[in-house]
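Asker: Take this sequence and fold it.
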Amino acid sequence: MIRRQLLLRCCLLLLSGALAGAALAAPAATLPYDENAEPTAQLQSALAVARDAHKRVLLVFGANWCGDCRALDSAFHEGPTRSLIEQRYVVVKVDVGHFDKNLKFCTLYDMPIAKGIPSVVVVTPRNEVVYQTRAGELADARSMGKDGIYDFFKELSSRPAGY
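Answerer: Next comes the predicted model:
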């Protein structure tokens, strides 16, 4: 009887360890920013797709550790914001780490991350800037909520230039 209880406890301990390991590993698969991505190559590909689809390119600068970046990304995948983003933009996410990654790429767009992340730059398929955040407009995405994020991008999508 004691052996059976000991065996059962060992099995439960192993199972709980496996489940905990799986739970810790799961968030990595859902992180919005690919820390190994090459933004210049991604941009070139996105510009070609945008040209063919008559869309703009939305460059989203952020980091996986940033709660506001993750809130913005979550909004991009739900409800009316998802539809708006899919209809109007080809999205390129640029990981800036702890403000120490892809900085050379950021300088191509006049350092949109200077006042916080997430930050965005919208360009035409010819890589002409239509809009860029300059004052941390999205740096409080968690406070904006999904409706505020939708309203921001709805207004942004109506700006003229390019497609």
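Asker: how near is residue 31 to residue 53?
Answerer: Residue 31 sits 26 Å away from residue 53, taking CB to CB, to the nearest Å as the criterion. (C-beta placed from N, C-alpha, C; glycine too.)
Asker: Okay, and the beta partners of residue 91?
Answerer: residue 58 (DSSP bridges).
Asker: Correct me if wrong: it contacts residue 76.
Answerer: Yes - between residue 91 and residue 76 there is a contact at 7.2 Å, judged by CB atoms under 8 Å.
Asker: which of those two has more neighbours?
Answerer: residue 76 (20 against 16; other CB atoms under 10 Å).
Asker: Setting aside sequence neighbours, what's the nearest residue to the more buried one?
Answerer: residue 85 (5.2 Å; CB to CB, 6 or more residues apart in numbering).
Asker: would the one you found count as being in a strand?
Answerer: No - assignment of residue 85 by DSSP: H, G, I helix; E, B strand; the rest coil gives helix, placing it outside any strand.
Asker: Contact partners for it?
Answerer: Shown in contact with residue 85 (CB atoms under 8 Å, 6 or more residues apart in numbering): 58, 76, 91, 153.
Asker: Verify the stated contact: the second one with residue 82.
Answerer: If I follow you right, that is residue 76. Yes - the pair residue 76 / residue 82 is scored as a contact, 6.3 Å apart, by CB under 8 Å.
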